[in-house]
Every structure is written in structure tokens, then in C-alpha cells.
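Engineer: Predicted model and sequence follow; I will ask about them next.
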Amino acid sequence: MENNKRKINIQVWKKIALVAGSFSLIICLLIIANYIQLKRTDPVNIKTINLLVEKLSQNPEDNELREDIRALDLLARKAYFTSQWQIRTGGYMVLIGLAIVIIAFQIISSAKGIKPEISPDPEEDFLTTQLLTRKWVSVGGILIVITAIIFAFLTHNELGNTFAQAAGIQKDSLNNAVEEIVETENNEIIPEEEIESSIIDTVVLSEESTLAIEESIPESSDSANVEKSEKDEKILSEYPTYKEITQNFPTFRGPGGNGIAYHKNIPTSWDGKSGKNILWKLTVPLPGYNSP
């Protein structure tokens, strides 16, 4: 009875090893096929989407075409993430199948009893050949599994590198566009010296024009002089100089929004109770700790 049970157990473990080995082999072949397909096709640059984008650039008001592009792009993204999940899951399944095969072979080898006597029968060569065949089959299966794991790793890295390169290209193009915009803006910006000289010229011209007007037109009353002085003050206060802008600016992050402070000896600590480094205070009508 014990021998029959042992034989039954050995047969069961042989079947388990066969099923696990076949399963691992199929998964390995699928991973290798997936890697070959990835090398042939580009998951980023899809021809159909590129053609639809070209059509949309020719007719940007076509909302149906825009929705079709979004749907195809969503399908492409889903396919990409699904392929990544399949590669990871396939690698884990191959490792589990290989572990089951190794455990089954260990149980089978331990269940077999060691014969105390070795008879020089003609079947000895057959048994030796059978053992060698099993060993080579096991070695070949292990090599296939290792190859599949390597291909799975390469596929995962290839997908990551492909999308990283695509993102880098888009980032470079965006940076180039921003640099071009900045260059054009810099070309249009008037230098500070020209601004100050133009302001001085306008002030001088305005003074000369007012003097000419005063000489040509007689003084009528004091009110006319007051109006002229107010006009002169308005002309002079139309645009502040660069120095005035750096000293007093009504914008966030300083003059031009560049985040550069031109003042020196700026305080870094304040004390509301003692009034340290505080120029003015206002009472808060309601209880609170926010700034007025």
C-alpha cells in the first residue's frame, strides 16, 4: 500500500511539474513575442493619430475629429499601461511556475528510494541516458525562463525609454519656443538708458514748448499759470525713471516680476510689540493675527 501511495504521489507531482513547466514555457514565448512586437512598432508615434492630427491642423474647427483623436489617444495609453502590467505579471508567473517545477522535481527525487545494489544490466545505459535527458531538458527550460525574464526587463525599459524620449523631445521643443518668445521680447524691450534719455528729451521739449507759448501768449491771470504748472507736473509724472521703479514698485516680486530686490540692509526680523523694523501700524477692527 505504501509503495502504491508513493507511486501515486510521484505521478501526481510529475503531472504538476509538467503542467507548471508547460505554463512557464508558454508565458516565456509570449513575453519574447511581445518584445519582438515592441521593437517593430512604436507605441508613441502612431500613424493613424498623426494623420488625424494633420487633418485637424488643416481644419481646427472639426470637433468630431478632435474627439476621435482623443479616443484613439486614450486607447493607445490604455494599451501601453496594459502591456506594462502584462509584462510584470508574466514575469511573476514565470518565476512562480519555475519554483513549482523545482519543488516538484525535488519531491520526486526524494520520493524515489536508493537501490542498495547496482546490477550491470543492459538497462543501465538507458537509465543513464534518461537521467541525462531530464537534466538537459531542465537546463534548457531554465535557460528559456531566464531569457524570458531578461526580455521582460528589456521590454519594460524599452517602453519607459521610448516615452521618456518623447517627453524630452516635447520639453525641448517647448523650451525652444519659450526661448524664441523671450528673445523676441528682449529685442522689443527698450534699454534703460534710451528710456531715461527719451524721458529727458520729452521733458526738455515740453519745457521749451511751454516757454515758447508763454512768450507768444501774454499772461492773462494767475489761474492760467497754475493750470500750466499742473500740466507740466502731469507731463513730468507720466512715466517714472528706472531708479524710481527700483525704489518703489507696486508689483509682485519686484520690478518686472523678476524677484530681485535692489534695496540693501533689508531687515529679516520684526517685532510688533516693540516696533522693531516696523515703519507703520494699523489697528485691526476685529480680533485676529493677520496683517492689516
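Structural biologist: Alright, I've got the coordinates. Numbers count the residues shown, from 1 in each chain.
Engineer: Check the burial of Ile100 by counting its neighbours.
Structural biologist: As a burial measure, Ile100 scores 18 neighbours (other C-beta atoms under 10 Å). For glycine as for every other residue, the C-beta is placed from the backbone atoms N, C-alpha and C.
Engineer: can you give me the helices for the chain?
Structural biologist: 2-40, 47-58, 63-111, 123-188, 192-216, 222-236, 242-247 (DSSP state H).
Engineer: Which of these has the lowest mean pLDDT?
Structural biologist: Here the lowest mean pLDDT among the helices of the chain goes to helix 192-216, at a mean of 46.
Engineer: Domain boundaries for this structure, per the record?
Structural biologist: By the assignment in automatic domain parsing, the chain contains the domains 2-111+134-188, 192-245.
Engineer: For Ile149, give its distance to Ile100.
Structural biologist: Applying C-beta to C-beta, to the nearest Å, the value for Ile149 to Ile100 is 16 Å.
Engineer: meant to ask about Lys276, not that
Structural biologist: Distance from Lys276 to Ile100, by C-beta to C-beta: 75 Å.
Engineer: Return the set of buried residues in stretch 252-266.
Structural biologist: Pro255 (16 or more other C-beta atoms under 10 Å).
Engineer: With only the CA atoms kept, save it in PDB.
Structural biologist: C-alpha atoms of stretch 252-266 as PDB (Å, rounded to 0.1, in the frame of the first residue of the first chain):
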ATOM      1  CA  PHE A 252       4.500  91.400  -7.100                       C
ATOM      2  CA  ARG A 253       8.100  90.000  -7.000                       C
ATOM      3  CA  GLY A 254       9.700  93.400  -7.500                       C
ATOM      4  CA  PRO A 255      10.300  95.400 -10.700                       C
ATOM      5  CA  GLY A 256       9.300  93.400 -13.800                       C
ATOM      6  CA  GLY A 257       8.300  90.500 -11.600                       C
ATOM      7  CA  ASN A 258      11.900  89.200 -11.600                       C
ATOM      8  CA  GLY A 259      12.200  88.500  -7.900                       C
ATOM      9  CA  ILE A 260      15.200  90.800  -7.500                       C
ATOM     10  CA  ALA A 261      15.500  93.200  -4.600                       C
ATOM     11  CA  TYR A 262      17.600  96.300  -5.200                       C
ATOM     12  CA  HIS A 263      17.400  97.600  -1.600                       C
ATOM     13  CA  LYS A 264      20.300  97.000   0.800                       C
ATOM     14  CA  ASN A 265      20.300  96.300   4.500                       C
ATOM     15  CA  ILE A 266      16.800  94.800   4.300                       C
END
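Engineer: Would you mind measuring from Ser274 to Lys281?
Structural biologist: According to C-beta to C-beta, Ser274 and Lys281 sit 12 Å apart.
Engineer: same deal with Ser109?
Structural biologist: As for Ser109, its distance to Lys281 is 90 Å (criterion: C-beta to C-beta).
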